[in-house]
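Peer 1: have a look at this fold, sequence not included:
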């Protein structure tokens with residue numbers, strides 16, 4: 001390498017140092033570093049946050065907790081009262097409270113398994129009502145919102161909407177399930193009413 005080449009290389013290195021020392025270049029480098037740093041932080045946070053719904057998001061509900069246990073249910077429907085037994089318990093990793101209803105007639109005329117859970121993403125209750133009427137009548141899910149000590153479930157059946165409101169009576173420590181449907185004039189009317197009292 002001759003003297004001219006050496007001086008040329010030294011000049012290039014000095015020029016690089018001068019460019020890098022300029023405030024604008026330093027600002028750009030700093031901005032890029034900050035962007036990369038924030039991207040890494042966002043990725044780390046996203047990885048550590050639990051999803052809204054899933055096996056690690058256990059469903060705990062202070063209202064429905066009062067429903068767990070054994071009950072005697074008196075159902076008034078079309079002017080007739082029918083007696084049922086009810087056994088409610090948390091199932092499936094505490095994601096649902098299962099309500100097992102069965103009338104006391106011999107042989108039994110009605111039986112249902114009702115699963116009530118919660119959709120955290122949609123912020124609403126969801127209910128699967130499965131009974132002796134079979135698969136077609138269990139296709140429609142119910143969705144509910146809580147107001148104080150009541151949850152109103154709405155079922156959008158093909159033949160029209162249906163409401164079932166669960167209400168916890170704190171003083172009496174009883175439950176009321178009020179079922180309503182719309183009549184031909186569009187007015188909401190009582191279809192049936194369940195009164196639940198603690199049983200053995």
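Peer 2: In hand now; what should we look at? These figures come from a predicted structure and were not determined experimentally. Residues are numbered from 1 along each chain as shown.
Peer 1: separation between the residue nearest to the spatial centre of the chain and residue 107?
Peer 2: Centroid-nearest residue in the chain, with CA atoms, centre = their mean: residue 119, separated by 1.3 Å. For residue 119, the distance to residue 107 (CB to CB, to the nearest Å) stands at 37 Å. Just so you know, the C-beta spots here come from the backbone N, C-alpha and C atoms, and that holds for glycine as well.
Peer 1: what's near enough to touch the spatially closest residue to the residue nearest to the centre of the chain that is not a sequence neighbour?
Peer 2: Counting by CB to CB, 6 or more residues apart in numbering, the nearest residue to residue 119 once its immediate chain neighbours are dropped is residue 126, at 5.2 Å. Neighbouring residues of residue 126 by CB atoms under 8 Å, 6 or more residues apart in numbering: 116, 117, 118, 119, 141, 142, 143, 144.
Peer 1: I'd like the distance between residue 126 and residue 153.
Peer 2: 9 Å.
Peer 1: what residues are shared contacts of the two?
Peer 2: By CB under 8 Å, 6+ apart, the residues touching both residue 126 and residue 153 are 142, 143, 144.
Peer 1: buried subset of these?
Peer 2: 142, 144 (16 or more other CB atoms under 10 Å).
Peer 1: now, which of the shared contacts of residue 126 and residue 153 sits nearest residue 80?
Peer 2: Taking CB to CB as the measure, residue 80 lies nearest residue 142 of the shared contacts of residue 126 and residue 153, at 24.3 Å.
Peer 1: what's the domain layout of this protein?
Peer 2: 3-48, 64-198 (automatic domain parsing).
Peer 1: deepest-packed of those, please.
Peer 2: domain 64-198 (a mean of 15; mean count of other CB atoms under 10 Å).
Peer 1: what about the helix or strand hosting residue 89, average pLDDT?
Peer 2: For residue 89, the element it lies in under DSSP states H and E is strand 80-91. The average of the pLDDT scores along strand 80-91 is 95.
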